[in-house]
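> 3D, please:
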Amino acid sequence: MLINRLIGVLTFSAILASAIDLKGYKYIVVGSGGGGGPLAARLALARHKTLLLEAGNDQGHNLNYTLAWNFYVRHYTDEARQARDFKTVYETPDGRQYVAGALGGCTAHNALVAIYPYRSDFDYIAGLTGDSSWRAENMRKYFTPPLRLVLQDTQLLSLVLGGAFALNNETDPLTNIASLIAGHVNVDNETRDTTPAYYALRFSINDAKRNGPREFIVSVRDAVNGDGSKKYPLDVIVAGGIYNSPQLLKLSGIGPAGELKKHGTKVVVDLLGVGKNLQDQNEAMVQAHTPKDLSSLKGCTFEFYSQPDPCLARWMESGLGDRGIYSASGGAAVMLYKSTATTDNEVDINMFGVIGNFRGYYLGHAYNTTTRHDWFTWSVLKAHPRNNAGTVTLRSADPLDPPEIVFNYFDTGVGNYRADLQANLHKDTALGHHATCTCPIGTDDDPMAVLSSKFRVRGVHGSAFPRIPGTFPIVYLYTSGKSYRYDFE
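Purely as a prediction, here's the structure:
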């Protein structure tokens, strides 16, 4: 039974073992992020007694989430290349990246953007494994469409309407305006993946508030019957995430034998692919300096220097009207178009507009993004990057010691990239924050595969993807996660 594997994973925590009686649970899910959280809730809805384990706490009622897990990453192994990255911080390990330690995982702090992946992302796994249940036409039934945020600020609407003319060489402006106002970026149509277009962004929100795994988990956990009794009973399924899943597998003896022996870990399964294949989407920004402050940010202080924020007060007031900038994450619209490197004729560039001077994630980025109100950013995401050289390796046998995370940006992929990429791109613009693929699905004859198409049975989360899906992986994770329940029952 899967419960036996749980013992191997959790022996590192005497406190946990002594505090929780594991008897009677049919399923134990480790990690409450976009994969583990919804899976645990759905298993409970199906009346299976389920225990959800999460390293963080519930920050849902805290206006200022305290959840940084302080994992650090390197984008390059070479010190000279790493030093050219302006986001590098030398007071701490190089190249900071936050990992959420809270109920809901990364979905407790992400940008809320909800864009359906490409049909090819599902068909790729179906073709790779021969499992037809992964076909795009089958997976669509698991998708729950997110809300569209109506642009009520006339100045912002005027600003993004200009983007309709920026795609003039791909499609006509009137079509772009029509799709922006009435179109749907998540439409169930094959042409969406291949036709350049302009859409309003979709967000995982409800009543101007974040709506994700945390809210789903809480609703199932707190549901009661008419008499007030608990309604739902809320192997091992390691849902620790992109970084924790390979770490826990390795500490349980599943991973590259040489690495495990180095740290004194008994080898249970010599599985070379655990912690390899780490991928990320390359993102670059184009900033626009507006002639005057954006009206959407009028009066907003974001509580810097302990100043009261009237914009926050406006959002907290109940009502059906426009609740301002806090209603979503500052995103406005998205352009989908094709680069010269596209494959399968897909629109492989996602260029979305966001309020503020966003230049990536680093210490102080929130202040620098919002302190001035006369900036607008177009953030450019490349779908299906070809670099899979990243790794997650153990620092030690201590499960509380964060693993060594190195992305090795631009080290694999197109063969002539060195002749094409300029150093300035590496130094000033390239970044990513959609880490995936460290425990990839594959076939039995692939020595680097970690999971089967039925997740037998070492992981659930973004780590399971063999290649990074779409441009915002979270909807792919949600959609795939709905199918996981049937694979585990």
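> only C-alpha atoms from now on, for both contacts and neighbour counts.
Noted.
> show me the strands in the stretch 101-250 of the chain, by range?
147-148, 197-200, 202-203, 205-206, 209-210, 237-238 (DSSP state E, counting those that start in this stretch).
> of the ones you listed, which is nearest D78?
Comparing the strands of the stretch 101-250 of the chain by their distance to D78 (C-alpha to C-alpha), the top pick is strand 237-238, with 31.9 Å.
> hmm, back to that, lowest average confidence across the strands of the stretch 101-250 of the chain, which one?
Confidence, taken as mean pLDDT, is least for strand 237-238 of these (a mean of 51).
> list phi and psi for L336.
Here is the backbone geometry of L336 (degrees, to the nearest 10): phi -110, psi 120.
> thought D348 was touching it, still the case?
Yes: between L336 and D348 there is a contact under C-alpha atoms under 8 Å: 7.3 Å.
> how about the strands of the stretch 101-250 of the chain in a markdown table, adding mean neighbour count and distance to T107?
Formatted as a markdown table, the strands of the stretch 101-250 of the chain follow (neighbours: other C-alpha atoms under 10 Å; distance: least, C-alpha to C-alpha, whole Å):
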| stretch | mean neighbour count | distance to T107 |
| --- | --- | --- |
| strand 147-148 | 15 | 16 |
| strand 197-200 | 26 | 21 |
| strand 202-203 | 24 | 12 |
| strand 205-206 | 16 | 12 |
| strand 209-210 | 19 | 9 |
| strand 237-238 | 27 | 17 |
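> and I474, what pLDDT?
On pLDDT, I474 comes in at 82.
> tell me who's in contact with it.
Contacts for I474 (C-alpha atoms under 8 Å, 6 or more residues apart in numbering) come out as 34, 114.
> the residue lying closest to F410 once chain neighbours are set aside in helix, strand or coil?
Spatial nearest neighbour of F410, excluding adjacent residues (C-alpha to C-alpha, 6 or more residues apart in numbering): N387 at 6.2 Å. Taking DSSP: H, G, I helix; E, B strand; the rest coil as the rule, one finds N387 in the coil state.
> give me the neighbour count for N387.
Number of residues near N387 (other C-alpha atoms under 10 Å) recorded here: 22.
> do the same with T371
T371: 16 neighbours (other C-alpha under 10 Å).
> ends of stretch 125-139, what's the gap?
End-to-end span of stretch 125-139 (C-alpha to C-alpha, to the nearest Å): 12 Å.
> tell me how far that stretch lies from the chain's centre.
22 Å (C-alpha atoms, centre = their mean, to the nearest Å).
> residues making contact with it?
Here stretch 125-139 makes contact (C-alpha under 8 Å, 6+ apart) with 119-123, 441-443, 452-453, 466, 479-480, 483.
> among these, which are in helices?
119-123, 479-480, 483 (DSSP state H).
> returning to that earlier point: want to try JSON lines for the strands of the stretch 101-250 of the chain, with distance to T342 as columns?
Formatted as JSON lines, these follow (distance: least, C-alpha to C-alpha, whole Å):
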{"stretch": "strand 147-148", "distance to T342": "28"}
{"stretch": "strand 197-200", "distance to T342": "16"}
{"stretch": "strand 202-203", "distance to T342": "24"}
{"stretch": "strand 205-206", "distance to T342": "32"}
{"stretch": "strand 209-210", "distance to T342": "33"}
{"stretch": "strand 237-238", "distance to T342": "34"}
